[in-house]
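Need a 3D model of the sequence below.
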Amino acid sequence: MDLPETGLATAVARAAHWDRRYSKAGAQGVSWYQAEPRVSLELIERSQVPAGAGAIDVGGGASVLVDRLVERGFSDLTVLDVSEVALREARERLGATAPVTWLQQDVLEFTPSRRFDLWHDRAVFHFLADPTDRDRYGEVLRSAVAPGGLVLIATFAEDGPEKCSGLPVVRYSADALARALGDGFAVTDTRREEHVTPGGVVQPFTWLAARRLG
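Okay, here's the model as predicted:
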């Protein structure tokens, strides 16, 4: 696991950064864009998450995962992202009647008012280069995930990029990601994904699925 220098220090700076990225590249031009969130859906289905589950996509932005879950009958969805530009794209795409709560907020400043059965994070956690930020993320996750709930986290793999969107990242093996998640979770699955960016660059990802104990 690599430990780079700290990235953007404040929620305001992070929001401005990601708004610029989405505004410049467009929702389908950012490096993490996927036309189909294949691994996310496979892990959700393999873990038998019911359509009535409360699910939150952390850093979901303009991702189409929420679209695919709506298509599968999910009716209690929350998308949290620091970028208003990204969320606007998704809101306009799904329309006002979609069963989705949109939260424009930094995950490190998020105070959950409820518990979720599914916590999904593809490519947020690896940007937390500061140990204090990782600790805070863990606190938020634990306060948000119900006992028995599923946590899905994807980060750059050990042979993945050292930076993304101009920011340093922390790269993880499956074991390192499980250690970062900490006690109180039982790992149920791990995956390696070789994501191909819109520009044709291969980015290896590590996926971890874990159940909250208790």
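
Pull the residues that contact stretch 22-36.
Defining contact as CB atoms under 8 Å, 6 or more residues apart in numbering, one finds that stretch 22-36 is touched by 21, 61-64, 68, 83, 85-86, 89, 122-123, 164-165, 195, 197-199, 201, 203. Heads up, the C-betas are built off the backbone N, CA and C, glycines and all.

Counting neighbours, which bits of that stretch end up buried?
The neighbour-count check on stretch 22-36 (16 or more other CB atoms under 10 Å) flags 22, 27, 30-34 as buried.

tell me how far the ends of it are from each other?
Using CA to CA, to the nearest Å, one end of stretch 22-36 lies 19 Å from the other.

tell me how far that stretch is from the chain's mean position?
Offset of stretch 22-36 from its chain centre (CA atoms, centre = their mean, to the nearest Å): 15 Å.

what about it, average pLDDT?
On average, the pLDDT along stretch 22-36 is 91.

Give the buried residues for stretch 178-186.
Buried-residue list, stretch 178-186, by 16+ other CB under 10 Å: 178, 180-181, 185.

Mark which of the contacts of stretch 22-36 are part of helices, please.
Of the contacts of stretch 22-36, the ones assigned to helices by DSSP state H are 21, 68, 85-86, 89.

Go through these and say which is closest to Ser113.
Using CB to CB, Ala86 is the member of these that lies nearest Ser113, at 22.2 Å.
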